[in-house]
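In: no sequence on this one, just coordinates:
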């Protein structure tokens, strides 16, 4: 058996394989270079590399494939172990520059992201960008660019807009080819509950418990799935109905003019129809340049969302858990969902603000501050 | 076989998609050679090709852990 995993994070698949004790090789295809349109697909291939069955019947599989001889003159002996090789990146780059074809740039981007890792992700982005300049409507390239931006977002090289840029490219790819389910699932993984076909990674915690119960150490995940990635699908939008008072109704709290906390906003999907739902991801990071950190001995971080008239939000107030030390500097993440008004059209701004206690070592002060967060949602006709 | 059953039963993405789509994409045909490919292993990122398995029957499974 040989597996090919169509997902962004390979370590999650490794954990899945460890959990189910899948002891066959599994390959990683985060950019869908195989161009499969959905999963699972099972293909039975004989000793000569000929496809004998697609989606084999499990009841007759052994008889019709395992036990059957497809080569009447005798089965070819296994070849001597021939180690597969990585592509020649220098040659691919030369070819892309000489040919000026979108396919050549795309192949260079594929090789860079698959084999160069995070060290070459910027080069992969550049190669895919070149491909798009030649052929702007290539959905494969948009999808793969999205994968690259999300890889960079999950790394130390991250730029504040990387996640939104990834979502924008995935959305563009889906617009070009709506029936490509691998592309579609990548957005749904981070999107609102109403558009989810299933919870994506809700099995991770159970898997880790089961593996520990066997006396093994579960594979450690570099990026833990949270929020939308473990949320169950929803059947209806349950707007916040409780009468909750805003934490700073008069706007009297001092603003964070020095940007001690840096805030990133990602809206998934970036645009919807009237009454459509988006999931908003907010990440708040203490500013390293100001040596800022959370003060965990005071009130916790709060987020208040005040949607425009006719819009609905769930929930309106979010409170982040405190750090486990008096002072910490970890990023903090909020997610909430917003439903556009029936008469909404064009670009709408949602008013939101965060309240936090933050300290900065440069000036040696701690303050309770507010930061207003404009969130833009585009509603198409 | 146990692994195949297990994988198909446990993958949350048990949806059926047409393979013979009009759109370009993965479309293996019974009776034809499966195109070769090289991808990194999820364990150590080392390259593995389908052609390495020539001489053995291969059950190729495209899946996702979600």
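Out: Happy to help now that I have it. Keep in mind it's a predicted model, so treat the numbers as computed, not measured.
In: can you tell me the element the residue of the stretch 151-300 of chain A found nearest chain B falls in?
Out: The nearest approach of the stretch 151-300 of chain A to chain B comes at residue A:200, 4.0 Å away (Cβ to the nearest Cβ). C-betas here are computed from N, CA, C, even on glycine. Element membership of residue A:200, judged by DSSP states H and E, is empty: it is in no helix or strand.
In: contact partners for it?
Out: A:185, A:188, A:189, A:225, A:229, A:230, B:12, B:66 (Cβ atoms under 8 Å, 6 or more residues apart in numbering or on different chains).
In: restricted to helices, list the residues you listed.
Out: A:185, A:188 (DSSP state H).
In: can you lay out the contacts of residue A:200 as JSON lines showing distance to residue A:119?
Out: Converted to JSON lines, the contacts of residue A:200 look like this (distance: Cβ to Cβ, whole Å):
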{"residue": "A:185", "distance to residue A:119": "27"}
{"residue": "A:188", "distance to residue A:119": "30"}
{"residue": "A:189", "distance to residue A:119": "25"}
{"residue": "A:225", "distance to residue A:119": "25"}
{"residue": "A:229", "distance to residue A:119": "26"}
{"residue": "A:230", "distance to residue A:119": "30"}
{"residue": "B:12", "distance to residue A:119": "33"}
{"residue": "B:66", "distance to residue A:119": "27"}
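In: if any of the contacts of residue A:200 are buried, put those into a ChimeraX selection.
Out: Those of these that count as buried under 16 or more other Cβ atoms under 10 Å in any protein chain shown are selected in ChimeraX with:
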select /A:185,188,189,225,229 /B:66
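In: now for residue A:358, how many residues are close by?
Out: Around residue A:358 sit 26 other residues, with neighbours defined as other Cβ atoms under 10 Å in any protein chain shown.
In: now do the one 3 residues further on
Out: Applying the criterion other Cβ under 10 Å, we find 11 residues in the vicinity of residue A:361.
In: ok, now which ones touch residue A:27?
Out: Under the criterion of Cβ under 8 Å, 6+ apart, the neighbours of residue A:27 are A:2, A:3, A:4, A:5, B:39, B:40, B:41, B:42, B:48.
In: which of these lies closest to residue A:346?
Out: Checking these against residue A:346 by Cβ to Cβ gives residue A:5 as the nearest, at 40.0 Å.
In: the closest one contacts residue B:66, correct?
Out: No. The pair residue A:5 / residue B:66 is not scored as a contact, 10.0 Å apart, by Cβ atoms under 8 Å.
In: flag the helix or strand of chain A with the lowest per-element mean pLDDT.
Out: When the helices and strands of chain A are scored by mean pLDDT, DSSP states H and E, helix A:61 comes last with a mean of 89.
In: so where do the helices sit in chain A?
Out: So, for chain A - with DSSP H - the helices run A:10-19, A:61, A:89-99, A:102-115, A:121-134, A:139-153, A:162-176, A:181-188, A:204-213.
In: just name the most buried of the ones you listed.
Out: helix A:139-153 (a mean of 25; mean count of other Cβ atoms under 10 Å in any protein chain shown).
In: how far off centre is stretch A:134-153?
Out: Distance, stretch centre to chain centre, for stretch A:134-153: 13 Å (Cα atoms, centre = their mean, to the nearest Å).
In: how about the residues of the stretch 51-200 of chain A by chain B?
Out: A:51-56, A:58, A:61-62, A:65-66, A:75-79, A:81-87, A:114-115, A:117, A:177, A:179-181, A:185, A:189, A:197-200 (Cβ under 8 Å from any Cβ of the partner chain).
In: report the contact partners of the nearest residue to residue A:149 once chain neighbours are set aside.
Out: Once flanking residues are discounted, residue A:149 sits nearest to residue A:166: 3.8 Å by Cβ to Cβ, 6 or more residues apart in numbering or on different chains. Counting by Cβ under 8 Å, 6+ apart, residue A:166 makes contact with A:145, A:146, A:147, A:148, A:149, A:150, A:153.
In: the second one and residue A:181, how far apart?
Out: Computed as Cβ to Cβ, to the nearest Å, the residue A:146 to residue A:181 distance reads 15 Å.
In: again, but for the fifth one
Out: Remark: distance between residue A:149 and residue A:181 (Cβ to Cβ) = 21 Å.
In: ok, the fourth one next?
Out: Taking Cβ to Cβ as the measure, residue A:148 and residue A:181 are separated by 21 Å.
In: repeat that for the last one.
Out: Applying Cβ to Cβ, one obtains 23 Å for the distance of residue A:153 from residue A:181.
In: just give me the neighbour total for residue 55.
Out: Going with chain A. 13.
In: looking at chain B here, not the other one
Out: Using other Cβ under 10 Å, residue B:55 has 14 other residues around it.
In: and if you look at residue A:221?
Out: For residue A:221, the count of nearby residues is 15 (other Cβ under 10 Å).
In: quick check: it touching residue A:204?
Out: Yes. Counting by Cβ under 8 Å, residue A:204 is a contact partner of residue A:221 at 7.1 Å.
In: give the residues shared as contacts by these two.
Out: Common neighbours of residue A:221 and residue A:204 (Cβ under 8 Å, 6+ apart) are A:12, A:15.
In: so what touches the helix or strand residue B:40 falls within?
Out: Using DSSP H and E, residue B:40 sits in strand B:38-40. Outside strand B:38-40, the residues that touch it by Cβ under 8 Å, 6+ apart are A:4, A:27-29, A:33-34, A:84-87, A:114-115, B:46-49.
In: who's in contact with the residue nearest to residue A:368 when sequence neighbours are not counted?
Out: Counting by Cβ to Cβ, 6+ apart, the nearest residue to residue A:368 once its immediate chain neighbours are dropped is residue A:357, at 5.2 Å. Each residue near residue A:357 by Cβ under 8 Å, 6+ apart is listed here: A:294, A:295, A:298, A:299, A:301, A:366, A:367, A:368, A:369.
In: strands of the stretch 151-300 of chain A, residue ranges please.
Out: Counting by DSSP state E, counting those that start in this stretch, the stretch 151-300 of chain A has these strands, from start to end: A:261-268, A:271-272, A:277-286, A:292-295.
In: so what's residue 51 up against?
Out: Here I'm looking at chain A. Here residue A:51 is in contact with A:43, A:44, A:45, B:28, B:29, B:30, B:31, B:32, B:33, B:34 (Cβ under 8 Å, 6+ apart).
In: my bad, the chain I had in mind was chain B
Out: A:49, A:82, A:84, B:36.
In: list only buried entries from the residues you listed.
Out: Counted by 16+ other Cβ under 10 Å, the contacts of residue B:51 give A:49, A:84 as buried.
In: could you identify the most distant pair in the contacts of residue B:51?
Out: Largest separation among those by Cβ to Cβ: A:49 and A:84, giving 14.6 Å.
In: output the below-cut-off pLDDT ranges for the chain.
Out: Unless you meant another one, I'm taking chain A. Within chain A, the segments meeting pLDDT under 70 span A:71-81.
In: switch to chain B, that's the one I care about
Out: B:1-24.
In: residue boundaries of the strands in it?
Out: B:38-40, B:47-49, B:58-63 (DSSP state E).
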